[in-house]
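Colleague: I would like to see how this sequence folds:
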Amino acid sequence: MLKMIKFIETKIFPVQRMISKTGKWAALISILSIMVWFVSFILIAASGPIFFWTTPEVYYQIAATTDLSLEYLAKTFMLIFSIAFFIIHFSLYELAPHDKRFAGKLGLSFLGMFTLLSSIHYFMQISIVRLNLNVGSTDGLDHFLQANPISAIIAINMLGWTLMLGIASFFFAFMFENKGRQKWLRNFHFINSFCCFLALIGFLLRYDLLTFPAINLGVGASISVISVLGYLIFRQK
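Modeller: Purely as a prediction, here's the structure:
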């Protein structure tokens, strides 16, 4: 019976291979999403003066006279990233030793909340917000704008990108062995967790000089390295 089960798992339904392929493709999609986001905002910054929020009315005037295609492209790929990042970690969890899986389950629980909150935010930007701006309907839109730093939707997004992702990264760090590429994964999850919590403090205190570098540079660099390391690990399996 055991030989038959092993034959089915390895020949008919190669679970290990499916996990590795799924994780590898998710890592590639994650890396591509980060690259598209980065290039899009480089092009946005190079195409005109840097945007600073003042009032909703000023933003609506700018939105009506500006091509926001690159912004929507970046936001679309950040939506894709959050899903791919979850799949990377689900696949890593499936490959983890049983004695490491409790930490992995905790990590997946909080990462799932991050994925949901981030997806809600970015889907709202590329759907409802975009459609309303296109027809000039701005009534009640203020608290759904990503550009508005004190909007309700920004609080939802930052809850995901700071607290939920920070807790998830902290628990995930204990899922990896302290050797080889897994050691680097472990270290960068700790770094990511630290940067997430710094960004949370900066956001709550409205201290942009802390929030901006922590979330854009610290978290951005960490998730990029984690995605690359995930790809390299899956490619070896």
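Colleague: low-scoring stretches of the protein, by residue?
Modeller: Along the chain, the model assigns pLDDT under 70 to residues 1-14, 237.
Colleague: How about the backbone phi and psi for P49?
Modeller: For P49, the backbone dihedrals (degrees, to the nearest 10) come out as phi -70, psi 150.
Colleague: An error on my part: the question was meant for I50.
Modeller: Backbone torsions for I50, taken as degrees, to the nearest 10, come to phi -70, psi 130.
Colleague: mind listing what L43 touches?
Modeller: If you count contacts by CB atoms under 8 Å, 6 or more residues apart in numbering, L43 has them with L70. Using the backbone N, CA and C atoms, a C-beta is placed for each residue, glycine as well.
Colleague: Now do the SS call for it.
Modeller: When classified by DSSP: H, G, I helix; E, B strand; the rest coil, L43 comes out as helix.
Colleague: quick one, helices of this structure?
Modeller: Counting by DSSP state H, the segments of the chain that form helices are 2-7, 15-47, 56-65, 69-95, 101-124, 130-134, 152-158, 165-173, 180-205, 208-212, 220-236.
Colleague: do you know which of those helices lies nearest F144?
Modeller: Within the helices of the chain, the stretch nearest F144 is helix 152-158; the backing value is 5.1 Å (CB to CB).
Colleague: what packs against that closest one?
Modeller: Helices and strands touching helix 152-158, by 3 or more CB pairs under 8 Å, 6 or more residues apart in numbering; DSSP states H and E, are helix 101-124, helix 180-205.
Colleague: re earlier: burial-wise, tell me which of the helices of the chain comes out on top.
Modeller: Sort those by mean neighbour count, taking mean count of other CB atoms under 10 Å, and helix 165-173 sits at the top with a mean of 24.
Colleague: Can I get that one as PDB, trimmed to CA atoms?
Modeller: This file holds the C-alpha atoms of helix 165-173, laid out as PDB (Å, rounded to 0.1, in the frame of the first residue of the first chain):
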ATOM      1  CA  LEU A 165       2.800  42.000   6.600                       C
ATOM      2  CA  GLY A 166       5.100  42.700   9.500                       C
ATOM      3  CA  ILE A 167       3.600  40.000  11.700                       C
ATOM      4  CA  ALA A 168       3.500  37.600   8.800                       C
ATOM      5  CA  SER A 169       7.200  38.200   8.000                       C
ATOM      6  CA  PHE A 170       8.100  37.800  11.700                       C
ATOM      7  CA  PHE A 171       6.500  34.300  11.900                       C
ATOM      8  CA  PHE A 172       7.800  33.200   8.500                       C
ATOM      9  CA  ALA A 173      11.300  33.900   9.600                       C
END
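Colleague: Need the contact partners of that helix.
Modeller: Looking at helix 165-173 with CB under 8 Å, 6+ apart, the contacting residues turn out to be 89, 92, 103-104, 106-111, 113-114, 186-187, 189-190, 192-197, 200, 219, 222.
Colleague: now it, how far from the centre of its chain.
Modeller: Centroid separation between helix 165-173 and its chain, computed with CA atoms, centre = their mean, to the nearest Å, is 13 Å.
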